[in-house]
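Colleague: build the 3D model from these lines:
(one chain, ligands or ions: 1)
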Amino acid sequence: MEQLKLRIREEGKIRGTNEILKVDSFLNHQMDVAFLGEIGKAFRDRFADCQVDRILTIEASGIAIAYGASQAFGNLPLVFAKKNKTKNIAGDVYISQVESFTQSKRPYNIFVSKDFLHAGEKVLIIDDFLANGSALHALIEIVHQAGAEVVGAGIVIEKAFQSGGELLRKEGVRVESLARIQSMSEETGVVFCE
Ligand code: 5GP
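Modeller: Residues are numbered from 1 along each chain as shown. Coordinates of the predicted model:
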C-alpha cells in the first residue's frame, strides 16, 4: 500500500536500530480515521477470495484498524482480545499467552469470551504490527480453542527483519502485510520498506 509506505517514511519515528517503529501520528496514538478506512479496504481486497465470518484483533491499537476492516467487509462481527481479565469477562473465556515485544517484555494473558467466537466460524485476524509473532500466535491459539478456523492474518506493518512473518508463513498461516519493513536505523532515521 503505497500511501502507507510513504507515511511510514515521512512520519515514522525509529527507536533503536531494527527495534521499535512509532507511527503515533496516524495509527497508534492519533488516528487518521479516513486512512484507517483505506487500510480496511486494502485488507478486504487482499482477502477478497476468502469467506470471512468474523474479525478478531487485540486491544488497544488493533481495535480501530479492525473496525475499518469490518466496515470494508460489510460490517462483519468484530471481537477484540482483552489484556486484563475484568469483571465483565469472568467465567467462560478462551485464554492464551503473549510474550510482549513492546511492554517490558513480560508475558501476559489475553482473553476472549466464549460468547463472541464460535466453532466453525472463519476468522480473519487483524493487528497493527507483526514482529516476533507472539501476539498473532496467541490469537490463533484462541481461534483454535473455539474450534473456529483462521482464514488469515491482515497486518498493517510487518517488521520483516524479525522472525514472526517467516515463522507463521512456514506454519501455513496466510499473512498479508500492507507494508513490510526490511530495515530501519535510528541514527539515519531511514526506513526501508517494500
Ligand atoms: P509480536 O508479538 O509479533 O512480537 O509483536 C506484535 C505486537 O507488538 C503488536 O500487537 C504491536 O502492538 C507490538 N509491536 C511490535 N513491534 C512494534 C513496533 O515496532 N511498534 C509498535 N508501535 N508496536 C509494535
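Colleague: beta partners for the spatially most central residue of the chain?
Modeller: Centroid-nearest residue in the chain: Asp127, 1.0 Å away (criterion: Cα atoms, centre = their mean). With DSSP bridges applied, Asp127 shows beta-bridge pairing to Ile155.
Colleague: give the contact list for it.
Modeller: Thr57, Ile58, Ser61, Gly62, Ile65, Ala135, Leu136, Leu139, Ala153, Gly154, Ile155, Val156 (Cβ atoms under 8 Å, 6 or more residues apart in numbering). Using the backbone N, CA and C atoms, a C-beta is placed for each residue, glycine as well.
Colleague: closest to Val112 among those residues?
Modeller: Leu139 (8.6 Å; Cβ to Cβ).
Colleague: which residues of this structure score low on pLDDT?
Modeller: 85-91, 103-104 (pLDDT under 70).
Colleague: can you give me the helices for it?
Modeller: 2-11, 33-46, 61-72, 134-145, 164-170 (DSSP state H).
Colleague: Gly189 versus the closest residue to Ser185 other than its chain neighbours, what's the distance?
Modeller: In space, Ser185 comes closest to Thr17 once its chain neighbours are excluded; the distance is 5.0 Å by Cβ to Cβ, 6 or more residues apart in numbering. In this view, Thr17 and Gly189 are 11 Å apart by Cβ to Cβ, to the nearest Å.
Colleague: go on, Lys159?
Modeller: In this view, Lys159 and Gly189 are 16 Å apart by Cβ to Cβ.
Colleague: so those two - more neighbours on which side?
Modeller: Lys159 (26 against 11; other Cβ atoms under 10 Å).
Colleague: show me what contacts that one?
Modeller: Contacts of Lys159 (Cβ under 8 Å, 6+ apart): Asn18, Leu21, Phe129, Leu130, Ala131, Ile181.
Colleague: against the ligand, how distant is the residue nearest to Asp92 when sequence neighbours are not counted?
Modeller: Excluding its sequence neighbours, the residue lying closest to Asp92 (Cβ to Cβ, 6+ apart) is Lys114, at 4.2 Å. Distance of Lys114 to the ligand, computed by Cβ to the nearest ligand atom, to the nearest Å: 23 Å.
Colleague: Ile95 versus Lys114, what's the distance?
Modeller: Where Ile95 is concerned, Lys114 sits at a distance of 11 Å (Cβ to Cβ).
Colleague: next one: Gly12
Modeller: 33 Å.
Colleague: those two - which one has more neighbours?
Modeller: Gly12 (22 against 14).
Colleague: and the nearest residue to Asp128 once chain neighbours are set aside, what does it touch?
Modeller: Residue nearest to Asp128 in three dimensions, not counting chain neighbours: Ser61, with 4.4 Å by Cβ to Cβ, 6+ apart. Going by Cβ under 8 Å, 6+ apart, Ser61 touches Leu27, Asn28, Asp127, Asp128.
Colleague: how far does stretch 106-122 sit from the chain's center?
Modeller: Centroid separation between stretch 106-122 and its chain, computed with Cα atoms, centre = their mean, to the nearest Å, is 15 Å.
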